[in-house]
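> fold the following.
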Amino acid sequence: MSRFEDKVVLITGAASGIGAAAARRFAREGASVVVADLNAEAAAATAAAIREAGGKAVGLAVDVGNELQVGQAITSTVEKFGRLDVLVNNAGIGSFGRVDMLSTEEWRRVMAVDLDAVFFACRAALPHLAQVRGAIVSTASISGTAADYGFAAYNAAKAAVINLTRAIAIDHAGEGVRANSISPGYVVTPLTAPLQADDRIGEAYRQLIPLGRPSMPEEQAAAILFLASDDASYITGANLIVDGGLTAATGQPNFVRIFAGAN
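As a prediction, the model looks like this:
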């Protein structure tokens with residue numbers, strides 16, 4: 001496949017997990033990829049691995065919570081490649097805590113990385129994307145469409161990402177720019193490593209997810225590439241849930257399993 005031949009893609013949080021999987025997939029489909037991440041060494045290593053596999057990629061160190069650095073990342077991308085076709089806002093952090101437990105510092109840290117970064121990047125990228133009728137894909141979460149116990153800041157930030165994406169979609173459709181988001185469920189990434197280490201949590205997810213397993217990063221990357229591609233040319237303002245069916249259920253007990261056990 002070469003859906004992104006001669007296209008330029010910038011991905012934040014691209015040194016590992018979903019971002020790295022998306023970077024590899026974009027490169028395999030012909031794109032020149034800017035692997036942007038707070039971890040400069042990891043970004044460089046991911047880009048090097050893509051080049052070794054025959055793709056085109058460069059690593060770029062950027063703190064997405066820093067407005068100036070985000071703006072410079074967009075500028076550097078356009079200066080190097082002459083254009084920007086796709087922006088993938090993937091960088092994010094989690095935070096455990098109820099409202100009465102969260103410090104102002106922690107609240108602002110989550111908002112800076114998970115929400116402000118999306119605003120900064122989109123604002124800087126939109127003039128360039130409008131020139132090529134480009135696309136934005138932001139990584140939100142099912143935690144942005146329903147609440148989790150003890151994740152107040154993360155829930156609020158991801159909900160805002162989804163609605164900010166809708167606002168950008170309708171405001172810039174006339175310029176030919178599409179904006180969509182994906183909402184992953186439980187994905188095997190470094191960010192979820194603490195969950196993976198707890199067998200109780202793993203078993204609880206296996207019971208709750210209809211497909212019976214967590215997602216791999218490559219499955220989320222496939223959704224990102226679909227929304228960024230011309231295959232999704234009439235899709236904008238959408239939030240694509242990629243959770244193995246987790247949120248398709250009401251949350252009530254699995255009566256089939258209960259009754260089967262009773263019999």
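
> alpha carbons only for contacts and neighbour counts from here, please
Will do.

> what about the strands in the stretch 51-200 of the chain?
Counting by DSSP state E, counting those that start in this stretch, the stretch 51-200 of the chain has strands at residues 56-61, 86-89, 135-139, 178-184.

> run the chain-centre distance for stretch 16-31.
Per CA atoms, centre = their mean, to the nearest Å, the displacement of stretch 16-31 from the mean C-alpha position of its chain is 12 Å.

> now do stretch 63-71
That offset, for stretch 63-71, works out to 17 Å (CA atoms, centre = their mean).

> for stretch 158-170, same thing?
13 Å.

> for V33, which three-state class applies?
strand (DSSP: H, G, I helix; E, B strand; the rest coil).

> so it sits right up against L10, yeah?
Yes - at 5.9 Å, V33 counts as touching L10 under the criterion of CA atoms under 8 Å.

> buried sites along stretch 164-179?
When neighbours are counted by 16 or more other CA atoms under 10 Å, the buried residues of stretch 164-179 are found to be 164-166, 168-169, 176-179.

> may I have the distance across that stretch, first residue to last?
9 Å (CA to CA, to the nearest Å).

> what mean pLDDT would you report for it?
Stretch 164-179 comes out with an average pLDDT of 98.

> ok, stretch 235-248 next?
98.

> for this structure, which helix is longest?
helix 152-172 (DSSP state H).

> and it, how far out from the chain's middle?
12 Å.

> show residues contacting it.
Helix 152-172 is contacted from outside by 93-99, 107, 110-111, 114-115, 118, 138, 140-141, 143-148, 177-181, 236-239, using CA atoms under 8 Å, 6 or more residues apart in numbering.

> that one vs strand 178-184, what angle?
160 degrees (axes from the mean of the first three to the mean of the last three CA atoms, to 10 degrees).

> and stretch 45-58, end to end?
9 Å.

> the nearest residue to V99 once chain neighbours are set aside - how many residues pack around it?
With sequence-adjacent residues excluded and distances taken as CA to CA, 6 or more residues apart in numbering, V99 is closest to A152, at 6.0 Å. When neighbours are counted by other CA atoms under 10 Å, A152 registers 20.
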